[in-house]
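> no FASTA, just this:
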């Protein structure tokens, strides 16, 4: 039975759009210049800049007489209030399920914020399992997190499971490098950006999640008894297991097909040297918030393998 693993932020959920909506509300509610929106978006860095850095800069710029921790609590509530799963994404997941695929979420980030997104957007009912880096004590691109995700989706390692597994994500250093290091095929959501990594490449590149899923399904990976990750329980129902999972992650336009056999150099990181299966040609063509806050989900995590960076403690008000 084939396995489809997916990143959370900016893959399943439009996280950057949610941050922009939060930032607009933040400026309006605090009587700040609307023209500062681009400044906040730039400082956000797609969610990879630590929230303490973003909110600390905002605190100094606007002279707020409040702690960064209190601003963080408001931000976490605000950003998640703008998160939603597009209907087209939910439809793509249902299509994959109907085609016999098992679905899992692999996300880098803080446990509670990511878990709240999964539950509040309805994704918990659309996938078989998930893993979030903070609670799993490992993060993408570490191959271990992908193995944990597979197990949580109800599989046990057996046979050529990697040949039947795909990883879909928008962040090269975590999603695509992680897939390469694990030996999985990958679909990169370019969101209008050019591919910038030299040491590894995705199997295919797509402008959107629905298109990536269509390309993967067209690759002919249909359920085959006795292959790959053997189902832990025969005839198991395809429904979400309410387990914690590992967190989430993001490069474009290149409607041209990408080859997984990019030349390697002496500086190629170890995680990128694992060989990828044959490339599949890309047939698709391009693609009440609370006041204060700044994106949290990925900001506290490093972009490459290594010890999990400590996550800023979430105030009680932000827990969901």
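Sure thing, it's come through. Source: prediction; values computed, not measured.
> can you list the buried residues in the host helix or strand of residue 215?
For residue 215, the host element (DSSP states H and E) is helix 209-218. For helix 209-218, the neighbour count (16 or more other CB atoms under 10 Å) marks 209-217 as buried. C-beta here means a position set from N, CA and C on the backbone, and glycine is covered the same way.
> measure residue 16 to residue 210 for me?
Look at residue 16 and residue 210: by CB to CB, to the nearest Å, they are 18 Å apart.
> how near is residue 183 to residue 194?
From residue 183 to residue 194 the distance is 26 Å (CB to CB).
> do residue 210 as well
Counting by CB to CB - residue 210 and residue 194 are separated by 22 Å.
> ok so, going back, show me which of residue 183 and residue 194 is the more surrounded one.
Here residue 183 and residue 194 are set side by side on neighbour count (other CB atoms under 10 Å), and the busier one is residue 183, at 17 against 10.
> need the pLDDT of residue 164.
In this model, residue 164 is scored at 89, pLDDT.
> ramachandran coordinates for it?
phi -110, psi 0 (degrees, to the nearest 10).
> wait, isn't it in contact with residue 5?
No. Counting by CB atoms under 8 Å, residue 5 is not a contact partner of residue 164; they are 11.4 Å apart.
> looking at these two, which one has more neighbours?
residue 5 (30 against 23).
> check for me that the more buried one belongs to a strand.
Yes. Counting by DSSP: H, G, I helix; E, B strand; the rest coil, residue 5 is found in a strand.
> next, the contact list for it, please.
103-106, 146, 149-150, 165-168, 184 (CB atoms under 8 Å, 6 or more residues apart in numbering).
> quick one: mean pLDDT for the helix holding residue 215?
Per-residue scores along helix 209-218 average to 97.
> that one packs against which elements?
Counting contacts by 3 or more CB pairs under 8 Å, 6 or more residues apart in numbering; DSSP states H and E, helix 209-218 is packed against strand 3-6, helix 87-98, strand 165-169, strand 185-189, strand 204-206.
> as a check, name the ranges of all helices in the stretch 101-250 of the chain.
111-120, 133-136, 143-152, 177-182, 209-218 (DSSP state H, counting those that start in this stretch).
> turn these into TSV, including distance to residue 96.
Formatted as TSV, these follow (distance: least, CB to CB, whole Å):
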stretch	distance to residue 96
helix 111-120	17
helix 133-136	23
helix 143-152	15
helix 177-182	17
helix 209-218	6
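> low-confidence regions, this protein specifically.
Where the chain drops to pLDDT under 70, the residues are 157-159, 220-320.
> could I get the buried residue list for stretch 146-163?
Neighbour count says stretch 146-163 has 146-155, 161-162 buried, by 16+ other CB under 10 Å.
> for stretch 43-56, same thing?
Counting neighbours by 16+ other CB under 10 Å, stretch 43-56 gives 43-44, 46-52, 54-55 as buried.
> that one: end-to-end distance?
End-to-end distance for stretch 43-56, by CA to CA, to the nearest Å: 11 Å.
> check stretch 56-74 too.
From the first residue to the last, stretch 56-74 extends over 14 Å; the measure is CA to CA.
> closest to residue 86 among the contacts of residue 5?
residue 168 (14.6 Å; CB to CB).
> wait, that closest one touches residue 6, no?
Yes. Using CB under 8 Å, residue 168 is in contact with residue 6, at 4.8 Å.
> intersection of neighbour lists for these two?
By CB under 8 Å, 6+ apart, the residues touching both residue 168 and residue 6 are residue 209.
> count the neighbours of residue 81 for me.
Using other CB under 10 Å as the criterion, residue 81 is surrounded by 17 other residues.
> about what we covered before: and the contacts of residue 5, which is closest to residue 65?
Using CB to CB, the contacts of residue 5 come closest to residue 65 at residue 105, 39.3 Å.
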